[in-house]
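Asks: I would like the atomic coordinates for the input below:
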Amino acid sequence: MNQLQQLQKMTTVVADTGDIASIARLQPVDATTNPSLILKAASQPEYAALIDRAVRNAKTEPTVAARTRRALTETAVAFGSEILTHIPGLVSTEVDARLSFDTMGTVHEARRVIAAYAALGVPRERVLIKVASTWEGIKAAELLEHEGIHCNLTLLFSFAQAQACAEAGVTLISPFVGRILDWYKKSEGRDYTAEEDPGVQSVTRIYEYYKSIGVKTVVMGASFRNTGEIMQLAGCDKLTISPALLDELASKTETLTQHLNANRIESGIALPILDEKAFRWQHNNDAMATEKLAEGIRLFTADLIKLETLLQQKLEA
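Replies: Residues are numbered from 1 along each chain as shown. Here you go, the predicted structure:
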């Protein structure tokens with residue numbers, strides 16, 4: 001077996017892309033999208049029909065603002081629903097990153113996304129709403145989970161974020177591996193082996209804490225820079241991986257070792273529950289996490305605005 005096939009026996013493999021052709025070829029269980037991935041896919045001519053459908057639906061709204069907002073939602077859902085025809089599992093669709101500090105705004109947007117999926121015959125059980133792991137985002141996810149809308153908490157860099165997500169009962173978290181490595185390489189001015197990779201160590205710590213106290217929230221490592229990081233996290237609940245790295249794993253046949261195994265983790269003691277003050281203090285004390293969360297929101301917002309501009313041009317045509 002190649003390394004991808006070996007990995008699939010230890011971990012649920014998720015495709016981190018909006019490119020439907022790649023998903024159909026690689027056949028992962030789940031798929032994740034974000035504004036950057038949707039923007040990249042939206043610029044490809046083979047997906048013009050999905051964009052045109054979203055724009056047509058949005059033109060029925062009475063105001064420019066409402067048309068633009070619906071076009072964004074419809075575009076993300078159009079890609080998500082098409083992706084679901086190629087996979088057996090779940091698709092993650094992200095809410096507007098500009099709502100990252102707006103709890104009720106995030107809740108309302110998530111409901112709109114789920115309603116748009118329902119209009120296409122997609123049940124909410126097959127959708128994860130992606131929300132930034134700010135305090136406000138975590139509280140929004142907690143409310144949504146109580147409504148039966150399942151959430152994927154993204155842009156997660158600190159242990160405080162992971163702990164708060166577990167306490168909120170969210171379905172899944174996406175701790176970012178590669179972006180953590182990026183920060184430490186720049187900060188420390190050196191490279192890291194896969195074994196000492198700070199992103200790998202962060203996900204490992206979260207995974208082991210969750211399993212030691214019986215947390216049901218799924219840990220899905222994300223944002224990988226190389227296959228070494230992926231191999232070090234073999235055995236994690238899920239890993240969302242770009243098509244390029246999936247292809248690289250498929251090209252290798254060396255034996256893959258399972259590094260994470262819930263059955264080998266001893267029972268532990270849960271930490272004191274985080275209130276807002278404790279969460280903000282602990283997260284703030286992690287310079288890497290503070291900077292990367294803010295940067296991630298800015299980057300997703302920038303690509304969202306580019307996508308918004310593209311859709312506005314089509315709405316006005």
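Asks: now Ala15. Its backbone dihedrals?
Replies: When read as degrees, to the nearest 10, the backbone of Ala15 gives phi -90, psi 130.
Asks: hmm, it is touching Arg25, no?
Replies: No: assessed by C-beta atoms under 8 Å, Ala15 is found out of contact with Arg25, at 9.6 Å. Every C-beta, even on glycine, is put in place using the N, C-alpha and C of the backbone.
Asks: more neighbours: which of those two?
Replies: Neighbours were counted for Ala15 and for Arg25 using other C-beta atoms under 10 Å; Ala15 has more, 28 against 13.
Asks: that older thread, shared neighbours of Ala15 and Arg25, anything?
Replies: Pro243 (C-beta atoms under 8 Å, 6 or more residues apart in numbering).
Asks: Tyr207 and Gly121, how far apart?
Replies: Distance, Tyr207 to Gly121, by C-beta to C-beta, to the nearest Å: 35 Å.
Asks: these two: which is more packed in?
Replies: More neighbours surround Tyr207 than the other of Tyr207 and Gly121, with 24 against 7 (other C-beta under 10 Å).
Asks: you'd agree that one is in a helix?
Replies: Yes: read with DSSP: H, G, I helix; E, B strand; the rest coil, Tyr207 is one of the residues of a helix.
Asks: how close does the residue nearest to it when sequence neighbours are not counted sit to Ala262?
Replies: Counting by C-beta to C-beta, 6 or more residues apart in numbering, Tyr207 lies nearest to Val219, which is 4.8 Å off, once chain neighbours are set aside. Between Val219 and Ala262 the computed distance is 10 Å (C-beta to C-beta).
Asks: of those two, who's got more company?
Replies: More crowded of Val219 and Ala262, by other C-beta under 10 Å: Val219, with 27 against 14.
Asks: quick check: pLDDT value at the more buried one.
Replies: Looking at Val219, its pLDDT reads 98.
Asks: checking it next. Helix, strand or coil?
Replies: strand.
Asks: quickly list what it is bridged to.
Replies: Here Val219 shows beta-bridge partners Ile173, assigned using DSSP bridges.
Asks: contacts only, for it.
Replies: Per C-beta under 8 Å, 6+ apart, neighbours of Val219: Leu172, Ile173, Pro175, Val203, Ile206, Tyr207, Tyr210, Cys236, Asp237, Lys238.
Asks: so which of those residues is surrounded by the most neighbours?
Replies: Pro175 (31 neighbours).
Asks: show the backbone phi and psi for that one.
Replies: Note on Pro175: backbone dihedrals following degrees, to the nearest 10 are phi -70, psi 130.
Asks: just checking, it touches Gly221?
Replies: Yes: counting by C-beta under 8 Å, Gly221 is a contact partner of Pro175 at 6.2 Å.
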